[in-house]
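Trainee: after the sequence you'll find the predicted model.
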Amino acid sequence: MANRLKIFVVTSGKGGVGKTTFTSNLGCTLAKMGERVCLIDADIGLKNLDVVLGLENRIIYTSFDVINGTVSAKEALVKHKQLKNLYLLAASQVATKEMMSPEDMKRMIQEIYDDFDYILIDSPAGIERGFRNSVAPAEGAFIVTTPEVPAISDADRVIGLLENYGFTEDRMFIVLNKFKPHMAKRGDMLDKADVEKALAMRLVGVIPDSEEVIIATNKGIPAVLEDGMMIGKSFENIVRRIKGEEIPIDEDLRGVSKGFLSSLLSMFKKR
Amino acid sequence: MWIVDIFKKRKNKQHKQTKSPKEEAAERLETMLSRRREIVKMIPAEEFEANSEEIKYAVVETISRKFNIPPEKVRVDYHEQNGYVVIVTNVNFK
């Protein structure tokens, strides 16, 4: 059953769909809900999770030091500044993905398995070694996609690969990121139903496209930690859904499609 | 210039009436994905090692039936690459 899963890989196939932003925000949401969370950056050589979390200056050891035996996995963990139950295991910028094997990854996670309620692995783009390393220890998978043909096509390919790795449908969760409801309404963008139909799977969450996310990411503060952010609700819903709650997917977009009156009001508020 | 704009707008409207970007994208996706889903098939390494001759024979038989040629004209080879088993099939049509 989905609510017993603990180790999740966040993958997509295509780059630039928001895997790292998703991982950091989901991790923060889980931690805010009281769960002990560890985020693992598996994008060796092109790591970014520490930057998105605002922890880049606190990294002393990386996963590369762990597999080399320099330190233990617990010693390499970095605690988040605001959320004391959220930790990061950073990736090295100088190492390459080929320097780590799926077995190394499994061993490293085994060391910290009992200390956390959730472990999220941020996979690199692509389906090569980095992807295989990230998938090896995972019990569940988040497949992040955007409403664009290349991203959905790659997500489909990744689903096929995950199936070959033994992932069943109840352990794969599709997230539609950077969704623009007004474009979908105009018929200029694929809708939630189109994505579900193409991938033949149900969505676990829809995250609306937001300028706030860009601002928050540049500040090194995941958007869900900022006050009054709309996307916080989407992430809370995703967490509740993976824990087995039935929440309609439209709840994720509640308040995003503004009516004429609210748009007018928000204009005055800004001034 | 405004006359040109009117024509441009009309042209856009005509385009919209034929197919919306959403419909076009959905169609493209369907074509791409319906073809691909059949291809994604992986044989576990252990299973392949244990039954490699049988699998080889099955490939030869399928190809020979598909192209209506004798099985002797089909040559099957395989090797491991990045953790995947790659099956190379050569068919002599002459």
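Mentor: Now that the structure is in, tell me what you want to look at. Everything numeric here is computed off the predicted structure, so don't read it as measured data. Numbers count the residues shown, from 1 in each chain, chains lettered A, B, ... in the order given.
Trainee: when you work out contacts or count neighbours from here on, use the C-alpha atoms and nothing else.
Mentor: OK.
Trainee: same for the longest helix that chain A contains, what does it pack against?
Mentor: Assignment by DSSP state H gives helix A:149-164 as the longest helix of chain A. Of the remaining helices and strands, those touching helix A:149-164 by 3 or more Cα pairs under 8 Å, 6 or more residues apart in numbering or on different chains; DSSP states H and E are strand A:140-145, helix A:192-199, helix B:21-36.
Trainee: CA atoms of that helix as CSV?
Mentor: Presented in CSV, the C-alpha positions along helix A:149-164 are these (Å, rounded to 0.1, in the frame of the first residue of the first chain):
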residue,chain,number,x,y,z
VAL,A,149,4.7,16.9,-25.4
PRO,A,150,8.5,16.3,-24.9
ALA,A,151,8.2,16.1,-21.1
ILE,A,152,5.2,13.8,-21.2
SER,A,153,6.8,11.6,-23.8
ASP,A,154,9.9,11.3,-21.6
ALA,A,155,7.8,10.6,-18.5
ASP,A,156,6.1,7.8,-20.4
ARG,A,157,9.5,6.3,-21.3
VAL,A,158,10.6,6.6,-17.6
ILE,A,159,7.3,4.8,-16.5
GLY,A,160,8.2,2.0,-18.9
LEU,A,161,11.7,1.7,-17.4
LEU,A,162,10.4,1.9,-13.8
GLU,A,163,8.0,-1.0,-14.7
ASN,A,164,10.9,-3.0,-15.8
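Trainee: mind listing what's buried in that helix?
Mentor: Residues of helix A:149-164 classed as buried under the neighbour-count rule (16 or more other Cα atoms under 10 Å in any protein chain shown) are A:149, A:151-163.
Trainee: now swap in stretch A:11-22 and tell me
Mentor: By 16+ other Cα under 10 Å, the buried positions in stretch A:11-22 come out as A:Thr11, A:Ser12, A:Gly13, A:Lys14, A:Val17, A:Gly18, A:Lys19, A:Thr20, A:Thr21, A:Phe22.
Trainee: now the strands for chain A?
Mentor: Counting by DSSP state E, chain A forms strands over residues A:7-11, A:37-41, A:78-79, A:86-89, A:118-122, A:140-145, A:172-179, A:203-208, given from the N-terminal end onward.
Trainee: swap in chain B?
Mentor: According to DSSP E, the strands that chain B contains are B:74-81, B:84-91.
Trainee: out of those, nearest to A:Lys79?
Mentor: Using Cα to Cα as the criterion, the shortest distance between A:Lys79 and the strands of chain B is 38.2 Å, found for strand B:84-91.
Trainee: where does the chain have low pLDDT?
Mentor: The chain I'm using is chain A. For chain A, the stretches flagged by pLDDT under 70 are A:1-3, A:257-271.
Trainee: oops, chain B please
Mentor: Applying pLDDT under 70 to chain B flags the ranges B:1-17, B:35-43, B:45, B:82-83.
Trainee: what sits up against stretch A:70-77?
Mentor: A:60-63, A:65-66, A:87-90, A:108-109, A:111-112 (Cα atoms under 8 Å, 6 or more residues apart in numbering or on different chains).
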